[in-house]
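Undergrad: 3D model of this:
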Amino acid sequence: MARIMRINMTTQQVALEEAAPEYQGLGGRGLTSTIVSKEVPPLCNPIGPNNKLVFAPGLLSGTSAPISGRISVGGKSPLTGTIKESNAGGQGALSMARCGLKAIVVEGKAPSGKLYKLLVNKDGGVLSECPELKGSGNYDVAAKLRDEHGDKAVCISIGPCGEMQMQSASVAVTDIEGRPTRHAGRGGMGAVMGSKGLKAIVVDPTDAPRIEPINKDAFTAACKKLTKALQEHPVTGQGLPTYGTNVLANIINEAAAYPTNSFSKGQFAETGKISGETQHDVILERGGKIAHPCHTGCVIRCSRIYNDKEGGFLSKGPEYETIWANGANCGISDLDAIAMIDRLCDDYGLDTIEVGVTIGVAMDAGIKAFGDAQGAIELVHEMGKGTSLGRILGAGAAVTGKCLGVEDVAVVKGQGLPAYDPRPILGIGVTYATSTMGADHTAGYAIAGNILGIGTKVDPMKVEGQVELSRNLQIATAALDCTGLCLFTAFAVLDKPEAFDAIYEMLNGLYGLNLGADDVVELGKNVLRTERSFNQAAGFTPKHDRLPEFFKMKPLSPLNVVFTVTDEQLDQVFNF
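TA: Coordinates of the predicted model:
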């Protein structure tokens, strides 16, 4: 039975219910966005009692489907004011699905000053107070809860920044080693969790039954087909396992689209010091690990284990986005300092992208100098401690720019831009501008077609084809986010038709369905329609689907280009 667990933080009641008909057949982003759209007033205060926080594994999560362990965390975003789905790896989705849960919906608001944890297993859930965890970082929380509930327990938690309801606050999910290294970072979902008075969810899948496909042979064959395609593709089979996501640093820097010193330049002179190739060598020299899975069943294994100079664990990865945001974007070329920032963000519970963009804005304002690695670390500590300056920084790049009087702040709908400048890569600019959730590269990863030539090749600096590229990728991504499959599956899907076929064949085998390619496309379109409908009711119009004006006015060196896609063209993205 597909069950939804509802947690009423006002009354501390936990209830299990069969999923309503409109929620059947949905998972991941499709389910979080549908629940939020139907149950959350679009004009509500995101940190008030009427917002809801939804956790949902994908349709394939908890099975033997490869790389299907992504969890969706949804609600109304306190950062953007839009609907939000923030996505994370780790063991959370697998364990929730094994416990028979389609979703956990957190409602209401705990009494002032009260803090709770939720224990979930195959039989249900129990909510209890946890004053001893107040103010604790995610590493301490995960360690204490695993000591209490056993090594199989998965921890989903917030750090002190979530408790302080900072708009950059993330939700941490423990990895295979039980460390809180995988984060639903974007959009401030940690602030929503903190506003509810919920510190942690412990999911214990002990003795939970296996998920059995209705057509096991068909399901197994489709799983093998997708695994083979992923292992044979040069990106997912070679590049990502060897160099991790940071394999992109030199590539994007060469394309002159590597935002440097708060989006003021397109190339960073010291990229080689923070590249995936250098990171790979440092990791191996210190006894770390490459080709590391972030969750059970990952066959790409793009995660890393990064040790400090003494050989002790410092951080995962860090990932490409984290290294760029807190590296080139801040003029910093010290990998160890960037890894320390990553570790602090994981512990305090902060989105590393928003933090890096925000620190870049603070450096532009003269709070610290570009290139000041220790100064950047100090600013992260300000956020973790909740000082006056830290509260401003923790509210994100848009608020920080307003408070500090910075003219050029790279945000869309209040959310900081990720690691690709849109002036030389127009397709990703279209995605940033029109995504339902603020600037988000994962919403429609146009880098695949603009730079990597995967699936198609669209000249990154010509307007022609950019709207179609972004539109098609946003539809495909919305569908993929429903399955629990990692976004990187898309590399093989775009190049290998059999990989795309395997996705709906796995769903057919698991659920006894008869889906085809058109059904997958329609699923993606429906998710986007649902999200846009919520945003429109919340007051968003096409005028909000725009990049900051400096991208059109100020040429980016060294190519001296501006963003040239017109507003009229941006308004055509969702004309399906």
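
Undergrad: what are the ranges of the helices in the stretch 451-576 of the chain?
TA: Listed in chain order, the helices of the stretch 451-576 of the chain (DSSP state H, counting those that start in this stretch) span 466-483, 489-495, 497-511, 517-537, 550-553, 567-570.

Undergrad: could you dump those helices to JSON lines with mean neighbour count?
TA: The C-beta positions use only the backbone N, C-alpha and C, and glycine is treated the same way. Shown next, in JSON lines, are these (neighbours: other CB atoms under 10 Å):
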{"stretch": "helix 466-483", "mean neighbour count": "24"}
{"stretch": "helix 489-495", "mean neighbour count": "24"}
{"stretch": "helix 497-511", "mean neighbour count": "21"}
{"stretch": "helix 517-537", "mean neighbour count": "18"}
{"stretch": "helix 550-553", "mean neighbour count": "16"}
{"stretch": "helix 567-570", "mean neighbour count": "14"}
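
Undergrad: Could you dump those into TSV with mean pLDDT and distance to residue 350 added?
TA: Formatted as TSV, the helices of the stretch 451-576 of the chain follow (pLDDT from 0 to 100; distance: least, CB to CB, whole Å):
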stretch	mean pLDDT	distance to residue 350
helix 466-483	98	23
helix 489-495	95	27
helix 497-511	97	33
helix 517-537	97	25
helix 550-553	98	26
helix 567-570	98	30
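
Undergrad: Residue 142: which of those helices is closest?
TA: Residue 142 sits nearest to helix 466-483 of all the helices of the stretch 451-576 of the chain, at 25.4 Å, using CB to CB.

Undergrad: Can you get me a residue count around the residue lying closest to residue 100 once chain neighbours are set aside?
TA: Nearest residue to residue 100 in three dimensions, chain neighbours excluded: residue 3, at 5.5 Å (CB to CB, 6 or more residues apart in numbering). Using other CB atoms under 10 Å, residue 3 is surrounded by 14 other residues.

Undergrad: same deal with the one 5 residues further on?
TA: Other residues near residue 8 number 17, with proximity taken as other CB under 10 Å.

Undergrad: I figured it hits residue 105, correct?
TA: No - at 9.4 Å, residue 8 and residue 105 do not qualify as touching, with contact defined as CB atoms under 8 Å.

Undergrad: sorry, back to before: in TSV: the helices of the stretch 451-576 of the chain, plus distance to residue 87.
TA: Shown next, in TSV, are these (distance: least, CB to CB, whole Å):
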stretch	distance to residue 87
helix 466-483	7
helix 489-495	13
helix 497-511	17
helix 517-537	13
helix 550-553	26
helix 567-570	24
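
Undergrad: any chance you could map the strands in the stretch 201-350 of the chain?
TA: Counting by DSSP state E, counting those that start in this stretch, the segments of the stretch 201-350 of the chain that form strands are 289-292, 303-307, 313-316.

Undergrad: Could you export these to TSV, including columns for distance to residue 435?
TA: Shown next, in TSV, are those (distance: least, CB to CB, whole Å):
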stretch	distance to residue 435
strand 289-292	29
strand 303-307	25
strand 313-316	26
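
Undergrad: Show me the one of those that comes nearest residue 523.
TA: When the strands of the stretch 201-350 of the chain are compared by CB to CB, strand 303-307 sits nearest residue 523, at 28.1 Å.

Undergrad: for the closest one, packing partners?
TA: Strand 303-307 is packed against helix 276-285, strand 289-292, strand 313-316, with contacts defined by 3 or more CB pairs under 8 Å, 6 or more residues apart in numbering; DSSP states H and E.

Undergrad: The longest one: which residues count as buried?
TA: So the one you mean is helix 276-285. Using 16 or more other CB atoms under 10 Å as the burial criterion, the residues of helix 276-285 that qualify are 276, 278, 279, 280, 282, 283.

Undergrad: same deal with the last one?
TA: Buried residues in strand 313-316, counting neighbours by 16+ other CB under 10 Å, are found at 314, 315, 316.

Undergrad: Can you tell me which of these is closest to residue 14?
TA: The closest of those to residue 14 turns out to be residue 316 (CB to CB; 31.9 Å).

Undergrad: So the closest one is in contact with residue 304, correct?
TA: Yes - counting by CB under 8 Å, residue 316 touches residue 304, with 6.3 Å between them.

Undergrad: Need the overlap of contacts for these two.
TA: Common contacts of residue 316 and residue 304, defined by CB atoms under 8 Å, 6 or more residues apart in numbering, comprise residue 292.

Undergrad: what are the phi and psi values for the closest residue to residue 41 other than its chain neighbours?
TA: Nearest residue to residue 41 in three dimensions, chain neighbours excluded: residue 50, at 5.4 Å (CB to CB, 6+ apart). Torsion angles at residue 50 (phi, psi; degrees, to the nearest 10) stand at phi -90, psi -10.

Undergrad: what about the closest residue to residue 245 other than its chain neighbours, neighbour count?
TA: Excluding the flanking residues, the one nearest residue 245 by CB to CB, 6+ apart is residue 320, at 3.9 Å. By other CB under 10 Å, the residues close to residue 320 number 25.

Undergrad: where does this structure dip in pLDDT?
TA: Flagging of the chain using pLDDT under 70 yields the residue ranges 1.

Undergrad: Would you map out the domains in it?
TA: Domain segmentation of the chain under automatic domain parsing yields 3-203, 214-240+422-576, 244-419.

Undergrad: out of the buried residues of strand 313-316, who's nearest residue 404?
TA: Of all those, residue 315 has the smallest distance to residue 404: 28.3 Å, by CB to CB.

Undergrad: check contacts around that closest one.
TA: Per CB under 8 Å, 6+ apart, neighbours of residue 315: 181, 306, 339, 340, 342, 343, 346.

Undergrad: mind running it again at 6 Å?
TA: Neighbouring residues of residue 315 by CB atoms under 6 Å, 6 or more residues apart in numbering: 306, 339, 342, 343.

Undergrad: Over to residue 576?
TA: For residue 576, the contacting residues are residue 525, by CB under 6 Å, 6+ apart.

Undergrad: Residue numbering should commence at 49 henceforth.
TA: That works, and once the first residue is 49, the last one we named lands at residue 624.

Undergrad: measure it to residue 580 for me?
TA: 11 Å (CB to CB, to the nearest Å).

Undergrad: so where does the residue positioned nearest the centre of the chain fall, helix or strand?
TA: In the chain, the centroid-proximal residue (CA atoms, centre = their mean) is residue 135; its distance is 4.0 Å. Element membership for residue 135, per DSSP states H and E: strand 131-136.

Undergrad: Now the element after that strand, going C-ward?
TA: Trace forward from strand 131-136 with DSSP H and E and the next one is helix 140-146.

Undergrad: how far does that following helix sit from the chain's center?
TA: With CA atoms, centre = their mean, to the nearest Å as the basis, helix 140-146 stands 17 Å off its chain's centre.

Undergrad: That one - contacts with which helices or strands?
TA: Where contact means 3 or more CB pairs under 6 Å, 6 or more residues apart in numbering; DSSP states H and E, helix 140-146 is packed against strand 101-105, strand 202-205.

Undergrad: okay if I get these as JSON lines plus distance to residue 456 and mean neighbour count?
TA: Formatted as JSON lines, these follow (distance: least, CB to CB, whole Å; neighbours: other CB atoms under 10 Å):
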{"stretch": "strand 101-105", "distance to residue 456": "33", "mean neighbour count": "29"}
{"stretch": "strand 202-205", "distance to residue 456": "35", "mean neighbour count": "29"}
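
Undergrad: Ok, which of the ones you listed comes nearest residue 468?
TA: Using CB to CB, the helices and strands packed on helix 140-146 put strand 101-105 closest to residue 468, at 28.1 Å.
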